[in-house]
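[1] Here you go, sequence then predicted model.
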Amino acid sequence: MKNIFGLIREDLEEYFLSIGEKKFKATQVFEWLYIHKKWNINEFSNIKKDIQNKLSEDFSTDFIKIEIVEEGPLVKKFLFRLLDGEKIEAVLMEHDYGLSVCVSSQVGCNMGCRFCESGRLKKVRNLEAYEIVEQILLIEKYIGKRIDSVVMMGIGEPFDNYDNIIKFIKIINDAKGLAIGARHITVSTCGLVPKIKEFSDLDLQVNLALSLHAPSDEIRNKIMPVNKVYSVDTVIQAIKDYIAKTNRRVTIEYVMLNMVNDKKEDAIELAKLLRGMNVYVNLIPYNETNNIDFAKSDKKRIDIFYETLKNNGINVTVRREFGGNIKAACGQLRSESD
C-alpha cells in the first residue's frame, strides 16, 4: 500500500480519474494534508464518506517517528525511527532569514567520502518520498512553526535516490503542498554526472550545490571515491552544461581539511578551475569527530584560502559554524541513538 505523503498532486489526480471522480479532489486532499495539517483521512470534511473510505483502503498515512531530539544553540537534531526500524537524522537550523531543515535522503550512504561520518555508514536503502516529506512535517509539528527552506545535505547522496527526491521536491514546492519556494530548496550532490544532466532537463528552479572539496584529481581521489568514476574535469563540465542550460548559479561546497586541500596553491588551482563560471564557493570549516583521521584547518589557513579565491575573482563565503556540539554539523550525521 502506498503512503499518501509520497504522492505528488498529479499522482492523486490520476488516481481520482481512475475511480471515476473529478481530479480537483486531489487539490482538496493536498490542502487537508499540507495546509490544514489534517493527517486522518476521516477528517477530510469536504470529501464524501465513501471516497474517504476508498482513500483509506488504497493509501496509508503511517508516519515515521521522532525518537530523540538534541538541542544546541540555534540548532536541533532529530533522530527518526522509520517504520522498518531503521534510523535517520535531520537538522533544524535557525538563521536570520528563517528556519531551515537539512533532510536525509538515504539510510546510510555508498559514496564513502573519507571525511564524512555519514559516509562511514554503508547504504541500507533509499528513503521513500514520504519518509523525506515526513521529516519536514514532523519537525514543523514539533516546533509549531513553518519551515522556510530545505537543504538535501543530510545522510545519503540525493542523486543516488533520484526519483524519490524529485517527488519530494515537487510535493514541498507545490502551492497546495508545503509551498516552500523553489529558490529555498537546495539539492547537494557529490557529482553523479548523469543525474546532473537529467536534473538540468527538469527546469525545477531549485538550487544545486556540488560537493567538490578539491581542485584536482590527485587530492579528490584520496578523499572522495566517486572521483575515480567522475573526475574533476568531468564534473566541472557537467556543472558548466547545467549552468548554460538553466542559467542558474551553482554553489561549490569545499570542506577545509588541514594540510589536505587547504594550501594557497590549492586555492589558486581552484580559482583557475572555476574562472568564468556562474558559481560561488562555500568554504566549510571541517567539523571534527572522534572517528575520522582529519583535522580542521585553522582560521589563518581558511582566511588565506578565502582571500586567494577572492583576489582571483571568485565569489566566496565561509559557512557559519553551529551544531558541532551535538554532532549536527555538516558531515557529522550518523543516525546514532546513543
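    Now that the structure is in, tell me what you want to look at.
[2] Asn258: neighbour count?
    Applying other CB atoms under 10 Å, we find 15 residues neighbouring Asn258. Every residue, glycine included, has its C-beta placed from N, CA and C.
[3] Could you check how far it is from Gly181?
    Asn258 sits 37 Å away from Gly181, taking CB to CB, to the nearest Å as the criterion.
[4] Same check on Gly20?
    Gly20 is 35 Å from Gly181, where distance means CB to CB.
[5] of the two, who's got more company?
    Set Gly20 next to Gly181 and count neighbours by other CB under 10 Å: Gly181 wins out with 13 against 6.
[6] and the more buried one, what is it in contact with?
    Residues near Gly181 by CB atoms under 8 Å, 6 or more residues apart in numbering: Asn173.
[7] Tell me the helix or strand right after the helix or strand harbouring Leu79.
    For Leu79, the host element (DSSP states H and E) is strand 75-81. Downstream of strand 75-81, the first helix or strand assigned by DSSP H and E is strand 87-95.
[8] residues in contact with Leu7?
    By CB under 8 Å, 6+ apart, the residues touching Leu7 are Tyr15, Phe59, Lys167, Ile171.
[9] cool, Phe30 as well?
    With contact set as CB under 8 Å, 6+ apart, Phe30 has these partners: Arg9, Leu12, Asp174, Lys176, Gly177.
[10] Skipping adjacent residues, who's closest to it in space?
    Counting by CB to CB, 6 or more residues apart in numbering, the nearest residue to Phe30 once its immediate chain neighbours are dropped is Lys176, at 4.1 Å.
[11] for the one you found, helix, strand, or coil?
    coil (DSSP: H, G, I helix; E, B strand; the rest coil).
[12] who's in contact with Lys76?
    Contacts of Lys76 (CB under 8 Å, 6+ apart): Val69, Glu70, Val91, Leu92, Ile139, Ile143, Ala328.
[13] For Val124, which non-adjacent residue is closest in space?
    Closest residue to Val124 apart from its sequence neighbours, by CB to CB, 6+ apart: Val107 at 4.1 Å.
[14] Next, the one you found: phi, psi?
    Reported as degrees, to the nearest 10, the phi and psi values for Val107 are phi -90, psi 110.
[15] correct me, but it touches Lys123?
    Yes - taking contacts as CB atoms under 8 Å, Val107 lies within contact range of Lys123: 7.0 Å.
[16] Okay, helices next: where are they in the stretch 201-338 of the chain?
    Taking DSSP state H, counting those that start in this stretch as the criterion, the stretch 201-338 of the chain carries its helices at 217-223, 232-246, 264-274, 299-311.
[17] Direction-wise, compare the third one with helix 232-246 and give the angle.
    Interaxial angle of helix 264-274 relative to helix 232-246 (axes from the mean of the first three to the mean of the last three CA atoms, to 10 degrees): 40 degrees.
[18] Which positions within helix 264-274 qualify as buried?
    By neighbour count, and taking 16 or more other CB atoms under 10 Å as the criterion, the buried residues in helix 264-274 are Asp266, Ala267, Ile268, Glu269, Leu270, Ala271, Leu273, Leu274.
[19] What separation is there between Leu192 and Met1?
    For Leu192, the distance to Met1 under the criterion CB to CB works out to 31 Å.
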